[in-house]
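Trainee: here are the coordinates; sequence isn't available:
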C-alpha cells in the first residue's frame with residue numbers, strides 16, 4: 001500500500017494484515033506488520049517506464065527492426081517492418097523468419113548469419129532480400145545483433161535494418177545495362193578496339209579478332 005507522509009511524499013509498504021483479538025478471542029482490531037519497499041518499488045516503476053519507452057521507440061522507429069528467438073521464430077516485428085513487408089505483427093509472430101520471409105536463394109546464407117548471432121557472432125551490413133505479402137522483394141541492409149537476458153544468456157537475435165531497395169534496384173539496373181553494352185560491343189558487326197593511356201590494347205571485340213586473326217587474349 002501507499003502511505004502519504006507528513007511532507008506529502010509517498011512511501012510504499014508491503015503489509016501483512018493480522019487480526020487482533022482479546023483474551024476471550026474477540027476481534028478487537030487489526031495489526032499491520034509492514035516492510036518499507038519504497039526504493040525497490042520506485043526502481044521497478046522506473047524500469048517499467050523505461051521498458052515501455054523503449055518498446056515505443058522500437059515500434060515507431062523509422063527503420064525496420066525484427067527479431068527471432070532461439071528457435072528462429074519471429075518475436076520482434078516493428079511498425080516499419082510491417083509497413084515494408086505488408087505482414088502485420090500478428091501475421092509475422094511465431095513464424096520461422098528464414099523460411100517464411102527470405103527469398104529462397106538467400107535462405108542458406110541468412111540462416112548462417114542468424115545461427116552465428118545465436119552463438120554470439122554478430123554481423124554488420126549484411127544485405128538480405130525480404131519477400132513481401134504482395135510477392136515483391138525488398139532489399140534490407142541488416143545488423144544482426146545477439147539478444148541476451150538479464151543473466152547474459154543468449155535468447156535470440158535482433159535485426160536493425162535499412163531499406164535499400166531503391167539503391168539496390170538502381171545498382172542492379174546499372175549492372176544489367178553494363179552487361180548489355182558489353183554484349184553489344186562484343187557482338188557488334190563492326191570492329192571495335194581501344195587502348196589505355198599507355199597505348200596498350202584494352203578493348204578488342206569479336207569482329208576485330210575475326211578480321212585480324214588475333215584473339216582478345218593475344
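Mentor: Noted; the coordinates are in hand. The shown structure was predicted, so the numbers you read here are calculated from the model rather than taken from an experiment.
Trainee: CA only for contacts and neighbour counts going forward, please
Mentor: OK.
Trainee: gap between residue 19 and residue 2?
Mentor: As judged by Cα to Cα, to the nearest Å, residue 19 and residue 2 stand 20 Å apart.
Trainee: I'd like to know which helix or strand in the chain has the lowest mean pLDDT.
Mentor: The weakest-scoring helix or strand in the chain, judged by mean pLDDT, DSSP states H and E, is helix 165-187 (a mean of 71).
Trainee: what helix or strand is residue 53 on?
Mentor: Using DSSP states H and E, residue 53 sits within helix 38-60.
Trainee: Packing partners of that helix?
Mentor: Packed against helix 38-60 by the contact rule (3 or more Cα pairs under 8 Å, 6 or more residues apart in numbering; DSSP states H and E) you find strand 10-21, helix 79-85.
Trainee: I'd like to know which of these lies nearest to residue 115.
Mentor: Residue 115 lies closest, by Cα to Cα, to one member of those: helix 79-85, at 21.2 Å.
Trainee: what about the spatially most distant residue from the centre of the chain, which SS state?
Mentor: In the chain, residue 24 marks the outermost C-alpha relative to the chain mean, sitting 69.0 Å out by Cα atoms, centre = their mean. With DSSP: H, G, I helix; E, B strand; the rest coil as the basis, residue 24 sits in coil.
Trainee: Mind listing what's buried along stretch 149-160?
Mentor: 154, 156, 157, 158, 159, 160 (16 or more other Cα atoms under 10 Å).
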